[in-house]
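S.K.: Structure, please.
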Amino acid sequence: MSRPPRICPCGNRVPYNIPCRCQSEQRRLRGARHDRRRLPARKRGYDHDWRKARLDFLAVHPRCAMPDCGQLATTVDHIIPHRGDRTLFWNRANWQPLCTHCHNSVKQRLERELPR
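M.R.: Numbers count the residues shown, from 1 in each chain. All right, here's what the predicted structure looks like:
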């Protein structure tokens, strides 16, 4: 059974669980503002040394660490967000292998729940 369409706050009628064009545009603009404030990846520590360490780690840990996933890992995630702390950034005990889906959805949701 499918759910009925909903009315967006802008007045458009949209299918259930699908964002309206105005909501998609708001999300895109919010992301662009965030990206302008963020340091480039190289300045956050993701340089040649990181890429090499990442490949070495994924060679030893090829599967996603999320329970019930087991997909091929493509990302080395920091279990505790390092937030610029170089010691925590390079602490391999703080690394876990994740697939792209788990890193970009499950892990991001978990991090949003953490206090800053």
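S.K.: What's the local residue count around Gly70?
M.R.: Gly70 sits with 11 neighbouring residues when counted by other Cβ atoms under 10 Å. All C-beta spots, glycine's among them, are computed from the backbone N, C-alpha and C.
S.K.: List the contacts of it.
M.R.: 63-64 (Cβ atoms under 8 Å, 6 or more residues apart in numbering).
S.K.: Now do the SS call for it.
M.R.: coil (DSSP: H, G, I helix; E, B strand; the rest coil).
S.K.: And Lys43, by the same measure?
M.R.: Going by three-state DSSP: Lys43 is helix.
S.K.: Run a quick neighbour tally on it.
M.R.: Using other Cβ under 10 Å, the number of residues around Lys43 comes to 10.
S.K.: All the strands of this protein, residue numbers only.
M.R.: Secondary structure of the chain (DSSP state E): strands at 6-7, 13-14, 75-78, 95-98.
S.K.: Same list, those strands, but as JSON lines with mean neighbour count, distance to Asp49 and mean pLDDT please.
M.R.: Shown next, in JSON lines, are the strands of the chain (neighbours: other Cβ atoms under 10 Å; distance: least, Cβ to Cβ, whole Å; pLDDT from 0 to 100):
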{"stretch": "strand 6-7", "mean neighbour count": "12", "distance to Asp49": "49", "mean pLDDT": "90"}
{"stretch": "strand 13-14", "mean neighbour count": "13", "distance to Asp49": "46", "mean pLDDT": "92"}
{"stretch": "strand 75-78", "mean neighbour count": "18", "distance to Asp49": "13", "mean pLDDT": "94"}
{"stretch": "strand 95-98", "mean neighbour count": "21", "distance to Asp49": "14", "mean pLDDT": "96"}
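S.K.: got the ones you listed as JSON lines, with distance to Leu39 columns?
M.R.: Output for the strands of the chain, formatted as JSON lines (distance: least, Cβ to Cβ, whole Å):
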{"stretch": "strand 6-7", "distance to Leu39": "38"}
{"stretch": "strand 13-14", "distance to Leu39": "36"}
{"stretch": "strand 75-78", "distance to Leu39": "16"}
{"stretch": "strand 95-98", "distance to Leu39": "21"}
